[in-house]
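S.K.: what follows is a predicted structure for the sequence shown.
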Amino acid sequence: MEVNLKDILTWGGMVIGLVAQWFHLKGRVAILETKQELQKEHHEESMSRITRSLERIERKLDDKADK
């Protein structure tokens, strides 16, 4: 079996390309996970604000009903 320099360079280029794509995709996944976590925190904060507002309105209505 004969292995030429061209074959070695081709396989080496393919391996380097594969490794580069692996790290590129790994970085993109990390970015997406960060964005998802930030959106989750924002959603929880928004729901908390809505809950506090509803509780405040409920207290006001209870106070008016007691009068």
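M.R.: Okay, I see it. Given the structure is predicted, the values throughout are model-derived calculations rather than measurements.

S.K.: please count neighbours and contacts with C-alpha atoms only from this point.
M.R.: Will do.

S.K.: burial measure for Glu55, as a count.
M.R.: 12 (other CA atoms under 10 Å).

S.K.: what strand or helix carries it?
M.R.: Element membership for Glu55, per DSSP states H and E: helix 5-66.

S.K.: tell me the mean pLDDT for that helix?
M.R.: Averaged across helix 5-66, pLDDT comes to 95.

S.K.: that one packs against which elements?
M.R.: With contacts taken as 3 or more CA pairs under 8 Å, 6 or more residues apart in numbering; DSSP states H and E, helix 5-66 sits against no other helix or strand.

S.K.: what about Gly17, distance to Thr10?
M.R.: In this view, Gly17 and Thr10 are 10 Å apart by CA to CA, to the nearest Å.

S.K.: whoops, Trp22 was the one
M.R.: Taking CA to CA, one finds Trp22 at 18 Å from Thr10.

S.K.: and Thr51, by the same measure?
M.R.: 61 Å.

S.K.: for Ala20, give its distance to His43.
M.R.: According to CA to CA, Ala20 stands 35 Å off from His43.

S.K.: sorry, wrong one. I was asking about Leu25.
M.R.: From Leu25 to His43 the distance is 27 Å (CA to CA).

S.K.: Ile57 too?
M.R.: Plainly put, Ile57 is 21 Å away from His43 if you go by CA to CA.

S.K.: repeat that for Val19.
M.R.: Separation of Val19 from His43 (CA to CA) stands at 36 Å.

S.K.: what's the answer for Glu55, then?
M.R.: Distance of Glu55 to His43, computed by CA to CA: 18 Å.

S.K.: report the contact partners of Arg23.
M.R.: Residue 23: Phe, not Arg. Neighbour list for Phe23: empty [criterion: CA atoms under 8 Å, 6 or more residues apart in numbering].
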